[in-house]
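Fold the following for me, if possible:
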Amino acid sequence: MNKYHFCAKFDGLNFAYHGEFTTAQKDVSEIKRIGKRKLIEKLKGWNLSTYQSKLIYFKIYNYVGEQEREVFLYKQ
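The predicted model follows:
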């Protein structure tokens, strides 16, 4: 199992929101799918609606040793 982290930023909000998930998947498209699903779950806990805020940044990454390895990056 590998641990992945994500960071999201929303238009009009000054904070970066973070989360993490663990998966055995190695396929990048599957990791992206899981990461997006986890982000949607976190929106509820952060009291954010997908309709309230516009996503302007979303990054999924993990660590290989101490080096950050980017898996996916969306930047508007």
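
Only the buried residues of the worst-scoring helix or strand of the chain on mean pLDDT, if you could.
Within the chain, no helix or strand scores below helix 28-45, which has a mean of 94 by mean pLDDT, DSSP states H and E. For helix 28-45, burial by neighbour count (16 or more other Cβ atoms under 10 Å) applies to 31-32, 34-35, 38-39, 42-43. In short, each C-beta sits where N, CA and C put it, glycine included.

C-alpha coordinates for the very next helix or strand once past that helix, CSV please?
Using DSSP states H and E, the helix or strand that follows helix 28-45 towards the C-terminus is strand 55-64. Written as CSV, here are the backbone C-alpha positions of strand 55-64 (Å, rounded to 0.1, in the frame of the first residue of the first chain):
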residue,chain,number,x,y,z
LEU,A,55,-11.3,24.6,-7.5
ILE,A,56,-8.2,26.4,-8.8
TYR,A,57,-5.4,24.0,-7.7
PHE,A,58,-5.4,20.3,-7.0
LYS,A,59,-2.2,18.2,-6.6
ILE,A,60,-1.8,14.6,-5.7
TYR,A,61,1.7,13.5,-4.6
ASN,A,62,3.6,10.9,-2.6
TYR,A,63,7.1,10.6,-1.2
VAL,A,64,9.9,8.4,-2.5
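
Mind listing residues that contact strand 55-64?
Residues from elsewhere that reach strand 55-64 (Cβ atoms under 8 Å, 6 or more residues apart in numbering): 2-11, 16, 31-32, 35-36, 39, 68-76.

of these, buried ones?
Buried among these (16+ other Cβ under 10 Å): 4-6, 8-10, 31-32, 35, 39, 71-72.
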